[in-house]
Every structure is written in C-alpha cells, then in structure tokens.
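S.K.: Here's my sequence, what's the structure:
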Amino acid sequence: MRLANHDGRATIVIEGRAVDVERASGGGLGSDPMLLSDLANHAVLRDLAAAAKPADWPALEEARIGPPVPRAGKGLGVALNYRKHAAETGRPAPDEPALFGKTDNCVCGPFDPILLPDGRDQVDYEAELVIVFGRTAKRVAAAEAWSYLAGVTVGQDISDRAEQNRPPVRQFTIAKSYDTFGPIGPCLVTVDELDEPDALSIECIVSGEVLQSSNTADLIFDVPALVEWVTRYLTFEPGDLLWTGTPEGVGAARSPQRFLRVGDVVETVIGGVGTMRNPIIAG
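M.R.: Sure, this is the predicted structure:
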C-alpha cells in the first residue's frame with residue numbers, strides 16, 4: 001500500500017487518487033494520519049484499498065500532501081552508514097551504528113519549503129531512506145525486523161555543518177533538528193510494495209544537478225541490522241522514525257564544497273518509494 005497525509009487526513013493512494021480512510025471506512029477508522037503507521041490498522045486499510053473504486057475519489061494533489069508521520073514519538077538518525085560516504089570523509093567504517101536525535105519539530109512535508117536560517121552558510125543536504133516503526137519493538141532479531149515496520153518513506157537529513165562541527169563538542173542533534181530540517185514523504189510505502197527492499201536506488205538532485213546517486217545496498221548496517229541494534233537499547237513504538245544514513249556526495253565532502261542556498265530546490269528520489277521536492281527559502 002501507499003499511504004499518505006493528504007490535507008491533514010489519513011489517505012490510501014490508489015492510481016493517483018486520494019481515498020479518505022475515515023470516509024471509506026464509514027467512520028470505522030478516524031482521519032488522523034498517525035493511524036497509518038500502526039500495523040494494527042493495516043488489515044482494515046488493505047480491505048478498504050481492495051474495495052475502493054479510484055474513480056470515486058479525488059486526485060491526489062501535491063500541494064496538499066503533508067508528512068506521512070506528522071507527530072513521531074521519537075526520531076533518530078544514523079551517521080556514516082554508507083561505505084562510500086565513509087570513504088569520502090576519510091573515516092573508517094564504524095563497527096557499530098552511531099546515532100543522533102532528530103527532534104519532532106524538524107519534520108515537514110515532502111513539498112514544503114526548507115527554511116535556511118539567517119547567517120547559516122554551511123547547510124548541507126543528505127538524501128535518506130527513513131523507516132517507520134509499526135508496532136512495539138524491543139530486542140527484535142534482524143530476521144524479523146521488516147515485520148515490525150509499517151513501511152518506509154523518502155527523507156532528508158538537512159544538516160548545519162558549522163554547528164555540527166562547532167568546538168569544543170560536536171552538535172549532531174541540534175545541527176540536524178532545526179525547524180524543517182527533516183522533510184519526509186510523499187507516502188508511507190509498505191514493504192510488500194518493494195521488489196528489493198534492501199536494494200533501493202537513492203538520489204539527491206539540487207537545482208537540477210545530481211549530487212548523490214547510490215543504492216541502499218551500500219549501507220554498512222542495513223535495515224534489519226539497524227532494527228536489531230537500536231532495539232537492544234530502546235523500545236520503539238508505532239510512528240517512531242529512523243533516518244538510515246546518507247550516501248556519498250554530500251556538500252561538505254565535495255571539492256569545492258556545495259552548500260544549500262536560498263533559491264535552490266532539493267529533489268530526493270528513492271526507487272519504488274517516491275520523490276520529494278523541497279525549495280530552500282530564507283528562514
């Protein structure tokens with residue numbers, strides 16, 4: 001299934017049409033998009049999708065699409081999790097995942113503007129696959145990991161490199177959690193929609209220039225390994241988010257460096273999942 005937050009309402013996307021969950025279910029399920037990330041509701045959603053006649057529903061409108069998980073309980077990101085990205089930074093590949101927080105205020109929609117704060121001239125793009133937990137997860141074995149996920153979505157981990165590297169202590173969480181620094185969308189895509197969930201193409205295109213082009217097969221810790229590792233220590237609940245890392249080609253590692261500027265448009269594409277398009281505007 002492809003599930004969306006359309007006009008602030010839980011929606012099933014079928015053939016480009018927006019099937020409103022509350023209306024299609026006759027009130028059996030509500031309108032809150034957060035219900036989409038709870039696997040307890042997916043059997044009903046599948047029945048609604050099977051019964052829906054797309055022609056009876058309005059067209060999905062890009063301008064009305066919000067983040068598929070608008071109020072995540074918690075969000076985490078994984079640093080240095082692609083082999084070629086580790087190589088471009090000159091750092092060895094980590095032995096275990098390195099995590100940072102992405103606070104809920106940073107989440108915005110797939111076509112919303114990203115706000116560039118005044119005076120911040122080292123703000124970077126990072127295309128990422130974001131996984132969405134769908135049920136309570138604690139000490140999950142890698143072999144069972146995908147069954148704990150409501151699905152995946154496209155994401156960006158926008159990062160202020162100057163703040164991230166400000167001495168004396170590196171500021172990962174703050175530098176990656178400014179308002180609008182975590183766009184996700186356009187849909188929450190269930191795993192059964194993906195032919196090869198562990199090998200998805202991923203690209204970041206800034207103002208027409210392809211700056212990142214890779215595949216999630218290059219992840220150092222793939223999705224099952226990440227789920228197993230993070231659930232050793234933390235309990236995850238439906239709607240919690242994990243940004244899984246970014247591939248090579250980030251602006252800070254390029255020569256010359258390429259940071260985001262007002263007027264840029266950041267396009268993020270993951271094969272089989274979707275495309276986001278976020279303009280950069282003054283914050």
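
S.K.: okay, now the closest residue to Leu36 other than its chain neighbours: neighbour count?
M.R.: Nearest residue to Leu36, sequence neighbours excluded (Cβ to Cβ, 6 or more residues apart in numbering): Leu3, at 4.3 Å. Glycine gets a C-beta too; all of them are placed from N, C-alpha and C. Number of residues near Leu3 (other Cβ atoms under 10 Å) recorded here: 29.

S.K.: same deal with Ile202?
M.R.: Ile202 sits with 24 neighbouring residues when counted by other Cβ under 10 Å.

S.K.: What of Gly101?
M.R.: Neighbours of Gly101 under the rule other Cβ under 10 Å: 15.

S.K.: likewise the one 3 residues further on?
M.R.: Taking other Cβ under 10 Å as the criterion, the count of residues near Asp104 is 16.

S.K.: What of Gly239?
M.R.: Neighbour tally, Gly239, other Cβ under 10 Å: 24.

S.K.: before we move on, what about the one 5 residues further on?
M.R.: Thr244 has 24 neighbours, counted by other Cβ under 10 Å.

S.K.: pLDDT score for Arg91?
M.R.: With respect to pLDDT, Arg91 scores 86.

S.K.: That one contacts Asn81, correct?
M.R.: No - using Cβ atoms under 8 Å, Arg91 makes no contact with Asn81, being 11.7 Å away.

S.K.: Looking at those two, which has the bigger crowd around it?
M.R.: When Arg91 and Asn81 are compared on other Cβ under 10 Å, the one with more neighbours turns out to be Asn81, at 26 against 11.

S.K.: Contacts only, for the more buried one.
M.R.: Asn81 is in contact with 94, 97, 219-221, 226, 244-246, counting by Cβ atoms under 8 Å, 6 or more residues apart in numbering.
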